[in-house]
Each structure stands twice: as structure tokens, then as C-alpha cells.
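Chemist: the following block contains a protein sequence and its predicted model.
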Amino acid sequence: MNQEKMNLPTKISLKPFNTWGVGGSCSNLVTPKTINDALDAYLSAKHKEELVYILGGGSNVLISDSNLNATVIHSVGLNKILLNKNTLNDNIEIEVESGFPVQELLAIAVKNNLSGLEFLTGIPGTFGGVLWGNAGAGQEDFGKSITRLETIEKNGTLRVWNRDELNWKYRTCPFNSRNTVMITKCFLSLKEAPKEGILEKIKKFAALRKGQPYGKMTAGCVFKNPDGMYAGRLLEDAKCKGLYCGDAIVSTAHANFIENTGNASASDIFYLSEMCKKRVYNQYGVELEYEIRFFGDF
Ligand SMILES: Cc1cc2nc3c(=O)[nH]c(=O)nc-3n(C[C@H](O)[C@H](O)[C@H](O)COP(=O)(O)OP(=O)(O)OC[C@H]3O[C@@H](n4cnc5c(N)ncnc54)[C@H](O)[C@@H]3O)c2cc1C
């Protein structure tokens, strides 16, 4: 690995790398261009017994205001993609690295008349980030399109997972509680379909976004929907809309979004989200679970 090109000096601000625009710094930010470089970065951190965080597009994380004494592996340099026709079933197989932007993936699918990714409409971030949180919309997610996945494991090896080893659940990826550090690449199988149908589905998913704050600094939904309920509705009924802490405010458009209206800190956002969580618990006895992920201590 070319250390000079890939490792920047200490105390790198992480504010530019997340959609809330908050957070402190880290001691080591690495942007590998190949999977082997990512593995080397992980092994080097492991050797130094340093904490490791994997950062994609930063659109679903809250990064603490302090300095993370950690290596942050920024996946955006892993951005290769390959399309091949499977002659056995006529499907198109896509091999895509985890730093690839999901909106570009959707654009490629539309251009090639491939159906199955329409649910990505309006979801920012990278492919790895989407998979790690099993992001989705409506009832759809990546689960059924994925045939194989490659990961870096805690013991420092690469592992390939087949479809039948992966159990996708609502906003939970199969690795979250296991020994996996990073998703490096993934294989998808998509079917060709008429473009009109694909565009129609995209319109349907775009319509689901009406009522969400647009063009604001947010990280999407802060909380997961509890079984059979909508977190946004519970938060709204608990009168959370418009609550604020510093420059962080619970969106008046959708109560499950927190906006940074200027100079909010990560602590402001955390304090506000905890306040909302308590309100819902006190009023409805429902313990909301965070959808966003945390880097550092809170
Ligand atoms: C305006 C807006 C709308 C959104 N709409 C939706 C929506 O409709 N549905 C939905 O589910 N989400 C939504 N989100 C949330 C977010 O966009 C998705 O969860 C997104 O997929 C996160 O990808 P990312 O690359 O930004 O991940 P990051 O925010 O960088 O990381 C998120 C988590 O994934 C981990 N991670 C990232 N890459 C990897 C990797 N390669 N290997 C292992 N772990 C990794 C990180 O460590 C972290 O724990 C929205 C966010 C915004 C800002």
C-alpha cells in the first residue's frame, strides 16, 4: 500500500464526510483504492490495537465531537463496477465494490433496463452503507437481488458469503452482530424489464418521499420503525416536531428527521434525539431503537 498517498496526517476533521456536517476529527483517515489496500489498512490498525470505523457516504452516522483515536477507513475509493450477462438465466450480474454511490448504481440499472433497484430512489450514500443498515423503502431492500458478498473479517481474512448464508431483516444486515468488519464487494443479479415499468416504480418511490425534509442537512430517519408502527408518527404525536437544541431541530416536515440548521454539534443532535426518545417512551411506553450509527462516545 502506498502510505504516502493514502494516509493523511493526524487530526483530520470528519465534518466534510457526513451529511449532518458535524463531528470532531480522527487520527488516521485512509481511503483505499483497492480491496487489498483496505485489508492492509485494517491489519495495520489491528496490529496497533486501534479502533476501526468504516465510513461510506456518512449519510446515516452521528460522529462524536471529540477526536476519535481510531483509524477511519473511508470506502469511497472502492468504486469499481462490472456488468455481465448470465447466459444460464439471462439475468445481468453486477459486481460492485462497496464504495460505489447507490444513486449511480440506480442510474446504471435504469440505463440498462434492469429492475429491482427502484427502491433506492432518493437514498444517498454508498453501496456498503446501504447494505450495512439494510436500507430500503416501502417493503423493499437489496435482500433478494444479492447472490454473493465479500467481507473483511475481524481475524483479518477476506470471506465470501453466498445468498443462503445471508439472513436480511428490516434495517439489519446479517453481519451486524457477527465478526465482520467491512463489506468490500457484492454480486447482484437483476432482470431486464421494460423501461416504462421501471420509471413508473421510481415515481412511486419518489412519491413516498413527499413530506420528508428536502435539501436540509439530515441523516435520514433517526429511529427505526417499531414493529407495526411508524417512528415518525409516534414522534409527531409526542409533540417532538420543532423541538431544538442549539442549531439542531426536529424537522417540522417529518418528526423522524433532525436537521442541522447551521452550527449544530453532534452533542446537540444526540441530546435532542434522546429527548425525543424519552418523550415517546413516557407517552406510549415504546422504546425507539436508533437507525443511525454512532462513531465515538456519546
Ligand atoms: C436525505 C436522506 C434520505 C434517506 N433515506 C433513506 C431511506 O429511504 N431508507 C433508508 O434505509 N435509509 C435512508 N437514509 C439513510 C442512509 O442514506 C442510508 O442508510 C445509506 O445507505 C447509508 O450509506 P452511507 O454510505 O452513507 O453509510 P454511512 O453513513 O457512511 O455508514 C452507515 C453505517 O454503515 C457502516 N458502513 C458503511 N460502509 C460500510 C462498508 N463498506 N462495510 C461495512 N460497514 C459499512 C458504517 O460503519 C456505519 O455503521 C437516508 C439518508 C438521508 C440523508
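Modeler: All right, it came through fine. Since we're looking at a predicted model, the values are computed, not measured. Numbering: from 1, shown residues only.

Chemist: C-alpha from now on. contacts and neighbour counts both.
Modeler: Will do.

Chemist: list the contacts of Asp268.
Modeler: Contact analysis of Asp268 by C-alpha atoms under 8 Å, 6 or more residues apart in numbering lists 245-248.

Chemist: for these, pick the one with the most neighbours.
Modeler: Neighbour tally across the contacts of Asp268 (other C-alpha atoms under 10 Å): the maximum, 28 neighbours, falls on Ala248.

Chemist: low-confidence ranges, the stretch 1-150 of the chain, go.
Modeler: In the predicted model, the stretch 1-150 of the chain carries pLDDT under 70 at residues 1-10.

Chemist: in it, mark out all the strands, start to finish.
Modeler: Secondary structure of the stretch 1-150 of the chain, counting by DSSP state E, counting those that start in this stretch: strands at 12-13, 25-30, 51-55, 61-63, 67-74, 81-85, 92-97, 114-115, 146-153.

Chemist: pull the number of nearby residues for the nearest residue to Ala70 once chain neighbours are set aside.
Modeler: Excluding the flanking residues, the one nearest Ala70 by C-alpha to C-alpha, 6 or more residues apart in numbering is Leu51, at 4.7 Å. Applying other C-alpha under 10 Å, we find 14 other residues in the vicinity of Leu51.

Chemist: hang on, Leu51 packs against Leu43?
Modeler: No: taking contacts as C-alpha atoms under 8 Å, Leu51 lies outside contact range of Leu43: 11.3 Å.

Chemist: contacting residues for the residue nearest to Ala70?
Modeler: By C-alpha under 8 Å, 6+ apart, the residues touching Leu51 are 45, 69-71.

Chemist: likewise for Asn86?
Modeler: Contacts of Asn86 by C-alpha under 8 Å, 6+ apart are 92-93.

Chemist: circling back: kindly reformat the strands of the stretch 1-150 of the chain as a markdown table containing distance to the ligand.
Modeler: Formatted as a markdown table, the strands of the stretch 1-150 of the chain follow (distance: least, C-alpha to the nearest ligand atom, whole Å):
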| stretch | distance to the ligand |
| --- | --- |
| strand 12-13 | 15 |
| strand 25-30 | 13 |
| strand 51-55 | 4 |
| strand 61-63 | 5 |
| strand 67-74 | 8 |
| strand 81-85 | 14 |
| strand 92-97 | 8 |
| strand 114-115 | 18 |
| strand 146-153 | 8 |
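
Chemist: among those, which is the most enclosed?
Modeler: strand 61-63 (a mean of 26; mean count of other C-alpha atoms under 10 Å).

Chemist: which secondary structure elements does that one contact?
Modeler: strand 293-295 (3 or more C-alpha pairs under 8 Å, 6 or more residues apart in numbering; DSSP states H and E).

Chemist: give me the contact status of the longest strand along the chain with the ligand.
Modeler: In the chain, with assignment by DSSP state E, the single longest strand is strand 180-192. Yes: residues of strand 180-192 contacting the ligand under C-alpha under 6 Å from any ligand atom: 181-184.

Chemist: these two touch, right, Val30 and Gly77?
Modeler: No: taking C-alpha under 8 Å as the definition, Val30 is not a contact partner of Gly77, at 9.6 Å.

Chemist: distance of the residue nearest in space to the middle of the chain relative to the ligand?
Modeler: In the chain, the C-alpha closest to the average C-alpha coordinate belongs to Gly129, at a distance of 3.2 Å (C-alpha atoms, centre = their mean). Look at Gly129 and the ligand: by C-alpha to the nearest ligand atom, to the nearest Å, they are 3 Å apart.

Chemist: ditto for Phe294
Modeler: Noted for Phe294: a distance of 7 Å to the ligand, by C-alpha to the nearest ligand atom.

Chemist: looking at the strands of the stretch 1-150 of the chain, which is closest to Leu234?
Modeler: In terms of C-alpha to C-alpha, the element of those nearest to Leu234 is strand 61-63, at 21.9 Å.

Chemist: what lines up beside that closest one in the sheet?
Modeler: Applying DSSP bridges to the sheet, strand 61-63 is found paired with strand 293-295 (parallel).

Chemist: how is this protein partitioned into domains?
Modeler: The chain breaks down by automatic domain parsing into domains covering 3-77, 81-208, 231-295.

Chemist: Ala137 - how many residues pack around it?
Modeler: Counted with other C-alpha under 10 Å, Ala137 comes out at 16.

Chemist: dig out what it forms beta bridges with.
Modeler: Here Ala137 sits in beta bridges with Glu140, going by DSSP bridges.
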